[in-house]
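what follows is a predicted protein model with its sequence.
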Amino acid sequence: MIPPFIELGLVLIAASLFGLLARLLKQPALIGYIIAGFVLGPLGYQVISHNELLPTFSEIGITFLLFLVGLELNLSSLKTIGNKIVNLAVLQIVLTFALGYSVGLLFSFSPVEASIIGLALTFSSTIVVLKLISEKNDVQSLYGKLSVALLIIQDIVAVVALALVSGLVNTSNLSLEIFDLLGKIILLFLTAWLASKYILPSLFKWLAKSRDLMIITAVGWCFLFAISAYSLGFSYAIGAFLAGLSLAAIPYNIDIMGQIRPLRDFFIVMFFVLLGFSFNPEGQILWGLVAVLTALALIAKPLIILISLSAQKFKLRTSFYSSFSLGQMSEFSVILAITAASSGIVPDTILSSIIISTAISLAASSYLITESDRLFEFLRPALKFVEPKDVEYNLESAPELVDHVVIFGYHRMGFHILKTLKNLKQEVLVVDFNPDIIENLRKQKIPAIFGDATDSELLDSVQLQNAKMVISTIPHLEENLILTERIREAHKGILMIATAGEISEALKIYKRGADYVILPQLLSGEYISELLQKHEAGTLKKYLNSRANEKRLLRTKKHNLYY
């Protein structure tokens with residue numbers, strides 16, 4: 001028998017190798033972890049002889065996952081979501097559940113089993129979606145905000161569903177059991193709320209003097225609630241979620257999240273390895289169910305969200321990006337299926353189908369999100385029928401401007417550019433995809449339009465024929481290429497300045513017709529070189545003192561860089 005230490009080492013080595021392979025193929029690393037588990041287990045190697053090793057570690061991973069979900073879910077932030085998004089989320093959840101439930105019935109499963117299939121189809125992957133839209137720097141865009149809001153509501157529903165599934169086991173009186181479960185949930189929630197209001201703020205304020213002790217106490221609090229939930233008949237994860245929720249409002253939650261996230265990432269690897277390890281290729285796999293669930297996740301669910309957003313007067317581009325970013329099944333889908341299977345609510349055939357569907361949809365969705373710009377341009381003519389005539393954030397015409405400068409993308413670099421242009425008494429028009437920024441600029445009486453750089457209607461509204469310069473701080477290559485080309489078609493005499501992340505991208509934008517391409521990394525290096533020269537000349541401290549106002553701006557929450 002192989003010692004547990006060596007078994008754990010082999011699991012980590014396999015997970016790292018297959019995770020690396022997945023990343024090279026531009027897939028989520030979790031796909032590699034599942035394959036690693038499949039190689040270690042069902043393919044015949046069976047290197048894990050200690051049967052409790054992976055389940056225990058994966059249980060800890062799920063516990064930390066729900067703990068972080070609770071930590072990130074500050075209930076006060078839900079007030080900013082708005083009734084429209086809540087209505088949209090409820091509509092999406094109901095319709096997607098109905099689709100999954102109907103599919104379950106078509107495959108001759110019982111209503112309870114069909115309900116698990118419907119719930120599994122309902123959720124989208126918070127981990128994958130946030131990671132991919134963060135890599136595109138789109139979290140603060142309107143579609144990013146909509147996606148995050150929908151994910152938050154989905155996560156809340158997922159936690160409630162998980163609580164019910166973990167509690168509804170071997171019940172003879174369903175109505176009495178549900179009443180009992182609701183009472184226990186209210187008890188746990190009330191305990192978490194009272195602790196967050198009267199105990200935790202002062203406790204963690206005192207603990208903050210010792211950072212290590214603060215983190216250990218947070219982890220201990222997580223496990224205290226997890227054990228309490230388990231003793232009441234729920235899964236550990238439900239207690240962990242409530243523990244995180246109780247800590248979400250304290251000032252130290254971000255620091256705690258930063259320290260817990262690596263632990264979560266480590267243990268969640270074991271969860272995905274366990275999925276592959278537990279998969280039985282010799283068992284009955286309903287490939288028809290796998291195909292239908294995957295198609296519904298990738299196509300039907302995004303279409304439901306797309307049509308719903310368009311009906312609420314959001315622009316086609318915003319609706320498209322929001323909907324297709326959520327076109328996959330979730331880690332919650334798998335957790336729910338595992339909980340239901342381990343409780344005897346659903347057979348292994350449903351569990352295997354949900355695991356495979358989730359893996360395929362995550363892999364395919366990662367490509368769809370990464371290539372969303374090209375996909376939108378390709379599908380845009382076919383989706384014209386859902387585009388509303390009167391949009392929520394319309395492209396109102398800017399005031400008549402002559403010899404003005406158009407700034408595409410205000411966040412980060414645009415703030416300093418606008419400040420300089422206003423000091424030079426230049427007329428400026430700002431275009432941005434973040435509604436918060438547009439609202440803030442309009443309060444300052446600065447002409448600003450909500451929209452994206454690739455929208456042909458928007459280019460008509462910014463009066464390019466009268467502009468003398470266009471500055472794009474947008475970091476995306478595809479958008480800069482389209483913008484540069486359309487500007488050159490509209491007016492060859494406009495000075496065009498764009499932004500690129502890499503030298504190869506800059507060369508492509510130059511080839512398309514840009515006059516100058518900013519490389520932020522290059523400029524940062526030049527700036528630091530100037531600071532070094534000032535240091536050698538003995539003038540650095542004087543220079544830094546003259547820039548002390550920047551620190552004050554960064555501490556001001558009303559500063560535009562926070563949007």
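Sure thing, it's come through. Owing to the predicted nature of the structure, the values given are computational and were not obtained by experimental measurement.

give me the below-cutoff pLDDT ranges for the stretch 101-250 of the chain.
135, 137, 139-141, 166-178 (pLDDT under 70).

what ranges does it have for its helices?
Counting by DSSP state H, counting those that start in this stretch, one finds helices in the stretch 101-250 of the chain at the ranges 111-122, 126-135, 142-167, 174-198, 200-207, 211-231, 236-247.

measure the spatially most central residue of the chain to Gly513 for me?
Taking CA atoms, centre = their mean as the criterion, Leu130 is the residue nearest the geometric centre of the chain, at 1.7 Å. To Gly513, Leu130 is 35 Å away according to CB to CB, to the nearest Å. For every residue, glycine as well, the C-beta is placed using N, CA and C.

please name the residues that touch Ile335.
Ile62, Leu162, Ala237 (CB atoms under 8 Å, 6 or more residues apart in numbering).

what sits closest to the first one if chain neighbours are left out?
It stands for Ile62. Excluding its sequence neighbours, the residue lying closest to Ile62 (CB to CB, 6 or more residues apart in numbering) is Ala237, at 5.0 Å.

ok, back up a step: show me the one of the helices of the stretch 101-250 of the chain that comes nearest Gly538.
helix 211-231 (37.1 Å; CB to CB).

need the contact list for Ser298.
That one is not Ser; residue 298 is Leu. Leu298 touches Gly327, Gln328, Ser361, Ala364, Ser365, Leu368, counting by CB under 8 Å, 6+ apart.

which among the residues you listed gets closest to Val69?
Out of the contacts of Leu298, the member with the shortest distance to Val69 (by CB to CB) is Gln328, at 17.2 Å.

ramachandran angles for that closest one?
phi -160, psi 170 (degrees, to the nearest 10).

surely it and Ser361 touch.
Yes: between Gln328 and Ser361 a contact is recorded at 4.2 Å, counting by CB atoms under 8 Å.

so which of the two has more stuff around it?
Taking neighbours as other CB atoms under 10 Å, Gln328 and Ser361 compare with Gln328 leading, 30 against 27.

could you find the closest non-adjacent residue to the more buried one?
Per CB to CB, 6+ apart, closest to Gln328 is Ser365, 3.7 Å.

again, but for Leu263
Going by CB to CB, 6+ apart, Leu263 has Phe64 as its nearest residue, at 5.6 Å.

same question for the strand or helix carrying that neighbour, mean pLDDT?
According to DSSP states H and E, Phe64 maps onto helix 53-72. Helix 53-72 carries an average pLDDT of 81.

identify each buried residue in it, please.
53-55, 57-72 (16 or more other CB atoms under 10 Å).

got the contact list for stretch 364-381?
Contacts for stretch 364-381 (CB under 8 Å, 6+ apart): 26-28, 125, 128-129, 132-133, 136, 294, 297-298, 316-317, 320-321, 324-325, 327-328, 454, 476, 478-479.

weed out the non-buried ones from these.
27-28, 125, 128-129, 132-133, 136, 294, 297-298, 316-317, 320-321, 324-325, 327-328, 454, 476, 478-479.

show me those that map onto strands.
Among these, DSSP state E puts none in strands.

so what sits against both of Gln328 and Ser361?
With CB under 8 Å, 6+ apart as the test, Gln328 and Ser361 both reach Ala297, Leu298.

picking up where we left off before, can you pull the pLDDT of the residue nearest to Gln328?
86.

Tyr198 versus Ala248, what's the distance?
16 Å.

higher neighbour count, those two?
The neighbour comparison of Ala248 against Tyr198 (other CB under 10 Å) goes to Ala248, with 20 against 10.

CSV please, covering the contacts of Leu298 and showing distance to Leu275.
Formatted as CSV, the contacts of Leu298 follow (distance: CB to CB, whole Å):
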residue, distance to Leu275
Gly327, 21
Gln328, 15
Ser361, 14
Ala364, 18
Ser365, 17
Leu368, 22
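
so, low pLDDT: which residues of the stretch 351-500 of the chain?
In the stretch 351-500 of the chain, residues with pLDDT under 70: 388-400, 411-412, 435, 452, 454-458, 460.
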